[in-house]
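Undergrad: Curious how this folds, go ahead:
(one chain, ligands or ions: 1)
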Amino acid sequence: MSAKTSVEKNIRGPSGFLEFGGQILVVDFGRIYHEGAAIGLLFDDGYLQHTSGLLGNHPKLRPIEALEGCVFRGIDSGGMELVLPEGERGPSGSLKFNGVLYHVINGRIAAPDHTLVGEFDDQGQVSIRDQRNKVPRRKLDENSQLSTVFDGKKSNGEAWKHEWVRPLVRRDKNYSDSEMIRYFMDYDKINGTQKKYLFENLRLWASTGLLQVVRRSEGNCALGNVKHGAAGQTGVRTGNVTLDREELDRDTEYYYKHGCFAAVYTRFKPFLEVRVNLVVAHEYGHQLEFCLSQACQERVKDLYHQRRQLSDKLPRPPEDYTGEAELVLQEMVAKRAFISGYARCSFHEYWAECVAAFSIKESRDFLQTHDPQVYEILMDVIFAPEKVLRPVLVEPILTLQASLRVGGEMHDKILDE
Ligand SMILES: [Zn+2]
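TA: Just a heads-up that it's a prediction; the model follows:
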């Protein structure tokens, strides 16, 4: 076998030892060797292909169970411990997980490229193989499992159809849509443009599981009348967000007219105030703050104070301006200290405005160059939550994210959207 086909070059194959018929065979990146000769392929999901010699001449795919007594022990192509077959035999058939199609073979959930995604048993229990954190088996529960539809047969050969739906969600929606609808209690009371706006504010947080963790830890969001003319408020005691109906209208209109940033004239002309027109994400940001570890909150505070010092060096607005927001001259807009004027008011508003800006690609890209340190913290919130979230939230988010990767919600290009 000197000329390898391109398929064989790119296989997701494990490395280790295959025991069969009293022999120990070496497996190297999926290639099975016997006395120096390649005699077949083994994939991470336990399929064999192109076998010959003592494994029998068999060009087609067949599961490792087809060879009685055959066991593989080693690591998968990602370097994680792997035993094939492992444990009791499970069902076989097709599995849709949050609408993403997988194949189940004897209880192993396999992707089309032969990645071993996880396990599925005769009771419908799903476990995910978490490649990112190198955890071989994350058992899902009602908080972390996404809608699951199986059609096939149980390990005993009995035909079996199984469906599991997340509690309190709309069946026709995918995970992130239903999570945003569940978070925003008055979803049915807002118009189409506002729904679009809501989804643009929260999509990133929903798809990466942070919205669910925040909702369960802090609370949800509803429309109401907020006093003092603020756009929204986050209850200190309840953790719930109330968004002012009129302000939501105004913010939605600004957003679709001007984009996520707007520099608006104040009555202290020629000074301007930069606004971030993402009120839903802003209020969500206040809830997210309470999910940060103490150490991370302290880091955000330090960053805020550094920004205040930068801000104090900018040309000052007139003496009769008594507000706390950062007002800037037209030519200083790009060199402003804070992402928005309002962010200067307190460390809480700074964080909420940065969360808001991070929520949309356009303002996120600006934040990356404007305030790279807070940008890095926000990257960690999503991609390395174990570094920045409260310890009690870490395991739930890591399990949920493993599930969201399999469900196609959390993927490599999520920040390009
Ligand atoms: Zn606020």
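Undergrad: Leu25: how many residues sit nearby?
TA: Per other C-beta atoms under 10 Å, the neighbour tally for Leu25 reads 22. Bear in mind the C-beta positions are built from the backbone N, C-alpha and C, glycine included.
Undergrad: Report the secondary structure state of the residue nearest to it when sequence neighbours are not counted.
TA: By the measure of C-beta to C-beta, 6 or more residues apart in numbering, the closest residue to Leu25 outside its immediate chain neighbours is Leu18, 4.4 Å from it. For Leu18, the assignment made with DSSP: H, G, I helix; E, B strand; the rest coil gives strand.
Undergrad: Show me what residue of the stretch 201-350 of the chain gets nearest to the ion.
TA: Evaluated by C-beta to the ion, the stretch 201-350 of the chain has Glu349 as its residue closest to the ion, separated by 5.0 Å.
Undergrad: then the helix or strand hosting that residue to CSV, C-alphas only?
TA: Glu349 belongs to helix 347-358 when elements are defined using DSSP states H and E. Output for helix 347-358, consisting of C-alpha atoms alone and laid out as CSV, is shown next (Å, rounded to 0.1, in the frame of the first residue of the first chain):
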residue,chain,number,x,y,z
PHE,A,347,-17.4,50.4,36.3
HIS,A,348,-20.8,48.6,35.9
GLU,A,349,-21.8,50.8,32.9
TYR,A,350,-18.3,50.4,31.4
TRP,A,351,-18.7,46.6,31.5
ALA,A,352,-22.3,46.6,30.2
GLU,A,353,-21.3,48.9,27.3
CYS,A,354,-18.3,46.7,26.4
VAL,A,355,-20.6,43.6,26.5
ALA,A,356,-23.0,45.4,24.3
ALA,A,357,-20.3,46.4,21.8
PHE,A,358,-18.9,42.8,21.8
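Undergrad: thinking the residue nearest to Leu25 is in contact with Phe72, fair?
TA: Yes: using C-beta atoms under 8 Å, Leu18 is in contact with Phe72, at 4.9 Å.
Undergrad: what do these two both touch?
TA: Shared contacts of Leu18 and Phe72, defined by C-beta atoms under 8 Å, 6 or more residues apart in numbering, are found at Val27, Leu42.
Undergrad: how close does the nearest residue to Asp122 once chain neighbours are set aside get to the ion?
TA: Leaving aside its chain neighbours, Asp122 sits nearest to Lys154 (4.9 Å; criterion: C-beta to C-beta, 6+ apart). Separation of Lys154 from the ion (C-beta to the ion, to the nearest Å) stands at 53 Å.
Undergrad: so what pLDDT did the residue of the stretch 301-417 of the chain found nearest the ion get?
TA: With C-beta to the ion as the measure, Ala352 is the residue of the stretch 301-417 of the chain nearest to the ion, at 4.6 Å. Predicted confidence (pLDDT) for Ala352: 97.
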